[in-house]
Every structure is written in C-alpha cells, then in structure tokens.
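Visitor: Predicted model follows, preceded by the sequence.
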Amino acid sequence: MLWSQALNDYKYYLKIERGLSSNSIKNYEYDVLKLIKFLDENQISISPTEIDYQKIQQFIYEASKKLNARSQARLISGLRSFFSYLVFEDYRDTNPLDHIESPEIGRKLPDTLSIGDIDRLIAAIDLAKTYNNVAIGERNRTILETLYSCGLRVSELIALKISDLFFDEGFIKVTGKGDKERFVPINPNTQKYIAIWTQLRRHMNVDPRFNDTLFLNNRGKQLTRAMIFTIIKDLAKAINLNKTISPHTFRHSFATHLLENGADLRAIQMMLGHESITTTEIYVHVDRSHLKKTLMQFHPRK
C-alpha cells in the first residue's frame, strides 16, 4: 500500500465517517506528511503497512529536537490516529504508536481579555475608514462585537451568512466543526451593529458567489482567517496591549465572562458548540472564584 493511497483514504474517512472540518483534516494530514518527509530524506523505503515501532521512534526523536512538548504530543496523537485507522481497516495488525508515550504537558489555560481591554480595542477602530466603497471601520467593529458577544470561532465568523441571522427570534445560526449547526443567542447591541454593517454592505460591489456572506473584504469576497488575525493584531498594537491575542481570545473571553457572571456551564457548552462538557470545564480553571460562589449558593451547609 502506497503512502499516498493510505493518506487519501484516511482523509476521506476523517471527512465522511468522523465529519471533521477541512482545517482539522489538514492538521491530521500534516502529521502524516511530516513522517513521509522524514522517510524520504533518510532514504527509508517502507510502506505504511510495514513501518514498525523502531522507525516511528526514530522519527519522533528527530522531530522532538525542533518541537516543544505540546507540539510533540499533538504529532504523536495525529500519527496514532492515522495508524489506528489502518488497523481498523485491516491494513495492519498493530499500531506502531501503541508503545510510544506522549510527553507530559501541563493543561494550558486560555488567555482572556478584560472587559476594559475589549472596550479599548473596539474604541481604537477608525469608524470613518473606508476603502473601495467598503466601510472598513464599521465592518471591523461589527466583527469584534460579533466575535465577543457570540463566542464564535474565526472559521464560524467568516462563514456567517445573512440568511443565518434570525434577529426576530434573537439568534444566529452557526455552522461549527464537522458542519454541525447550532443556534447562538445574539444581544440587541450586536444586532444593531450588524444592521448598520448590512446597510453599508449594500453599496459594495459584491462577488455573486458571496451574495449571502455577511463579512466581505474590499473586493466583495469572503474574508480570510488571516485577515481577521491581522485586524486584531493591528488594534492590539494601536492600544499598546501587552498580550498576544487572536480571534480565539475573544471566544475565551466570552466564556470566561459568562462564567464569572454566574452562567451555567452546560449553557456555555451549548453556545460554544463543544461536543463534550470536559472541553468547556477548562473555563472553571480560569475562574476558580466561580467554584466558591457555586458552593456558597447551593450547598445546604454553607
């Protein structure tokens, strides 16, 4: 079995059987491509059905010289998944990653912004800025307000459609990982900013393929993930924010601030679109004071 065939079959499995997003599939593919590159560079001719524990261990050892513990763990996990698939499909009898341990890593708590930080970032936007009939300032304000008020992933934000807005009901429809849809509440203030942006958007020359896409670039096409990162990075620099932030920081802040104000963890899980509440529980570690408040409020012998 050739590596190319095994990798293509694996990607198809991830998409169809596991329902993963294209970004997740690329990450899994990248792990396998690293191994293939290592074998090519070292002139090791061996198929994915024949490669053994020793060769994998050699690759992990070389890769570990350039990767931190968290990246090593991610690489091992990705390869373990690939070979588990080959075992599942009866291409192999065993998984060569079974006896390779991942490095110990601490649980990384997400970075968050204070409400004051978010206010300063939004206040730094030049609302009068336009380019090529695009009200860039108004668009950028609406982007940040939507990221923070709805807790969206950046991929969910750029894919948001006008037809996904259900303002009369107070919700937006979000398409998350694995094309799973969920409805997220949206507050009146953010609705107001989106309404302003959609009015201004009508004056743009929109590419017909993106007629229903909410946020557009100055060529009338869908924004890229990289552009959202750049917008946020430039604003952080403008206010001298001493933090490294990304679009995901607004999502973390959304969840943390809800928890601080007494929101139910299960409700936060549903709004974030986490498949498991274990993922959402990381925010309890960010705000340990929530645990004390919960105990004092609900324990019978408080």
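Guide: Arrived safely.
Visitor: Can you list the helices and strands that the helix or strand hosting residue 191 packs against?
Guide: Remark: residue 191 resides in helix 188-201, with elements defined by DSSP states H and E. With contacts taken as 3 or more C-beta pairs under 8 Å, 6 or more residues apart in numbering; DSSP states H and E, helix 188-201 sits against helix 136-150. C-beta here means a position set from N, CA and C on the backbone, and glycine is covered the same way.
Visitor: Return the following helix or strand past the helix it packs on as PDB; C-alpha atoms alone will do.
Guide: Per DSSP H and E, the first helix or strand lying C-terminal to helix 136-150 is helix 154-158. These are the backbone C-alpha positions of helix 154-158, laid out as PDB (Å, rounded to 0.1, in the frame of the first residue of the first chain):
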ATOM      1  CA  VAL A 154     -12.900  32.600  13.500                       C
ATOM      2  CA  SER A 155     -13.900  30.000  10.800                       C
ATOM      3  CA  GLU A 156     -17.500  30.300  12.000                       C
ATOM      4  CA  LEU A 157     -17.400  34.100  11.800                       C
ATOM      5  CA  ILE A 158     -16.100  34.300   8.200                       C
END
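Visitor: and helix 154-158, what's its mean pLDDT?
Guide: On average, the pLDDT along helix 154-158 is 94.
Visitor: List of residues touching it?
Guide: Residues lying outside helix 154-158 but in contact with it, judged by C-beta atoms under 8 Å, 6 or more residues apart in numbering, are 21, 23, 143, 146-147, 174-176, 215, 222-225, 228-229, 246-248, 273.
Visitor: among those residues, which ones are buried?
Guide: Members of the contacts of helix 154-158 that pass the buried threshold by neighbour count (16 or more other C-beta atoms under 10 Å) are listed as 21, 143, 146-147, 174-176, 215, 222-223, 228, 246-248, 273.
Visitor: can you give me the angle the helix or strand harbouring residue 233 makes with helix 136-150?
Guide: Counting by DSSP H and E, the secondary-structure element that holds residue 233 is helix 225-238. Inter-element angle recorded for helix 225-238 and helix 136-150: 100 degrees (by axes from the mean of the first three to the mean of the last three C-alpha atoms, to 10 degrees).
Visitor: Which strands or helices does helix 225-238 pack on?
Guide: So helix 225-238, by 3+ C-beta pairs under 8 Å, 6+ apart, packs with helix 115-123, helix 136-150, helix 154-158, helix 247-260.
Visitor: of the ones you listed, which approaches residue 51 most closely?
Guide: helix 154-158 (33.1 Å; C-beta to C-beta).
Visitor: where in the stretch 151-300 of the chain is pLDDT low?
Guide: Counting by pLDDT under 70, the low-confidence segments of the stretch 151-300 of the chain come to 279, 281-300.
Visitor: let's go with 90 and repeat that
Guide: Applying pLDDT under 90 to the stretch 151-300 of the chain flags residues 176-180, 242-246, 248, 252, 255-270, 272-300.
Visitor: The stretch 1-150 of the chain now?
Guide: Within the stretch 1-150 of the chain, the segments meeting pLDDT under 90 span 1-2, 13, 15-24, 53, 60-74, 88-90, 98-112, 130-134.
Visitor: ok, 80 please
Guide: 1, 101-111, 133 (pLDDT under 80).
Visitor: Quick check: residue 232 touching residue 245?
Guide: Yes. Residue 232 is in contact with residue 245 according to C-beta atoms under 8 Å; the separation is 6.1 Å.
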